[in-house]
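**Q** Here is my input, please return the structure:
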Amino acid sequence: MPPVDLHQAALVRVEQAWRRCLEVSPGLPQPTVWFDLRGASAGQAHLGRGGIRLNPVLLSENRMAFFDEVIPHEMAHWLVFHLAHGTRLKPHGREWKTVMRDLFGLAPSVTHRFDIRQAQAAPYRYQCGCRTHHFTRRRHTLVVNGRRYRCRYCAKTLVYRSEE
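**A** This is a model prediction of the structure:
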């Protein structure tokens with residue numbers, strides 16, 4: 001399925017989950033959805049931005065689990081946050097677990113078990129005395145700005161190895 005179609009299918013699933021939440025909280029605002037999340041996280045209810053962020057790489061690799069688990073998981077956060085005193089509740093606390101079980105009929109699981117190798121790309125290679133280390137863009141930028149890292153095995157300073 002092309003990414004555009006996959007994103008559209010995810011948007012439809014978010015709307016279905018939102019409509020389910022409306023049964024409990026009729027005034028619940030509809031979340032905006034962004035496909036801009038990177039790294040190991042599959043989804044994130046971004047309450048400050050007013051919506052849900054989804055990881056497009058993990059979505060494309062785990063379609064059914066995303067529709068069946070990740071989107072309801074994030075919508076449960078969205079609902080709990082908008083309840084009275086929602087900002088003071090624990091993210092995966094009793095209320096969230098109740099929404100997962102009673103509203104979505106799912107076991108309240110906090111983490112996923114997706115293969116994250118493609119989503120968590122670390123293309124910058126660094127060398128020490130004993131092995132090659134892979135850095136993310138964020139960590140590589142820290143090195144460029146003067147931060148130093150040492151290997152925890154041989155204690156030598158890691159040196160950037162440009163692509164050959």
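**Q** surely R137 meets Y124?
**A** Yes. Under the criterion of C-beta atoms under 8 Å, R137 makes contact with Y124 at 7.0 Å. In this view, the C-beta of every residue, glycine as well, is placed from N, C-alpha and C.
**Q** Which one's more surrounded, those two?
**A** The neighbour comparison of R137 against Y124 (other C-beta atoms under 10 Å) goes to Y124, with 20 against 12.
**Q** Bridge partners for the more buried one, pull those for me.
**A** Beta bridges link Y124 to F135 when assigned by DSSP bridges.
**Q** which strand residues sit across from the nearest residue to T32 once chain neighbours are set aside in the sheet?
**A** Leaving aside its chain neighbours, T32 sits nearest to G51 (3.3 Å; criterion: C-beta to C-beta, 6 or more residues apart in numbering). Taking DSSP bridges, one finds T32, H46 as the beta-bridge partners of G51.
**Q** Give me the pLDDT for G51.
**A** We have a pLDDT of 96 for G51.
**Q** where do the contact lists of R137 and Y124 overlap?
**A** Counting by C-beta atoms under 8 Å, 6 or more residues apart in numbering, no residue touches both R137 and Y124.
**Q** What are the boundaries of the strands in the protein?
**A** Remark: strands assigned in the chain by DSSP state E are 32-34, 43-46, 51-54, 124-127, 132-135, 159-161.
**Q** which one of the ones you listed has the most crowded surroundings?
**A** Of all these, strand 51-54 has the most neighbours on average by mean count of other C-beta atoms under 10 Å, namely a mean of 22.
**Q** who touches it?
**A** 10, 14, 31-37, 42-46, 66, 70-71, 74-75, 78.
**Q** repeat that for 7 Å
**A** The list of residues contacting strand 51-54 from outside it, by C-beta atoms under 7 Å, 6 or more residues apart in numbering, reads 10, 14, 31-37, 43-46, 74, 78.
**Q** ok, now stretch 85-96?
**A** Residues outside stretch 85-96 that contact it (C-beta under 7 Å, 6+ apart) are A76, H77, V80, F81, L83, P108, V110.
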